[in-house]
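Participant: Have a look at this prediction, sequence included:
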Amino acid sequence: MKKTELIAAIAEQSGLSKKDAEKALNATLDTIVKAVAENDKIQLTGFGTFEQRQRNARTGCDPRTGNTIEIPASKVPAFKAGKAFKDIVNK
């Protein structure tokens, strides 16, 4: 499903216009991105949790040359599905 299809589905289920559904979706996604970037955790009961995780520095291999390289530590966004979400998927 692409973003336009998701907007259409939201509009249909909620009775909103597609324009209003798009505004609501964009506002939701922007809020999640900003919160995770600021190291806040967003927990939606029954759906899941969005959070920031720390990846440690590690040694990797350059596939072109075969040389070992150091991969620096980084922060990555993460999502963990909630129990209700997992249960629906596993039906």
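Facilitator: Here it is on my side, so go on.

Participant: Check which residues of the biggest helix by length in the chain are buried.
Facilitator: In the chain, ranked by residue count with DSSP state H as the criterion, the top helix is helix 18-37. Buried residues in helix 18-37, counted by 16 or more other C-beta atoms under 10 Å: Ala21, Glu22, Ile32, Val36. Backbone N, C-alpha and C define where each C-beta goes, glycine included.

Participant: can you pull up the bridge partners for the residue minimising distance to the centre of the chain?
Facilitator: In the chain, the residue lying closest to the centroid (C-alpha atoms, centre = their mean) is Phe79, at 5.6 Å. Counting by DSSP bridges, Phe79 forms beta bridges with Phe50.

Participant: Test my guess that it contacts Thr49.
Facilitator: Yes. Shown here, Phe79 and Thr49 form a contact pair, counting by C-beta atoms under 8 Å, at 7.1 Å.

Participant: before we move on, the earlier item: other SSEs contacting the longest helix of the chain?
Facilitator: Packing contacts for helix 18-37, counted by 3 or more C-beta pairs under 8 Å, 6 or more residues apart in numbering; DSSP states H and E, involve helix 3-14, strand 42-44, strand 48-55.
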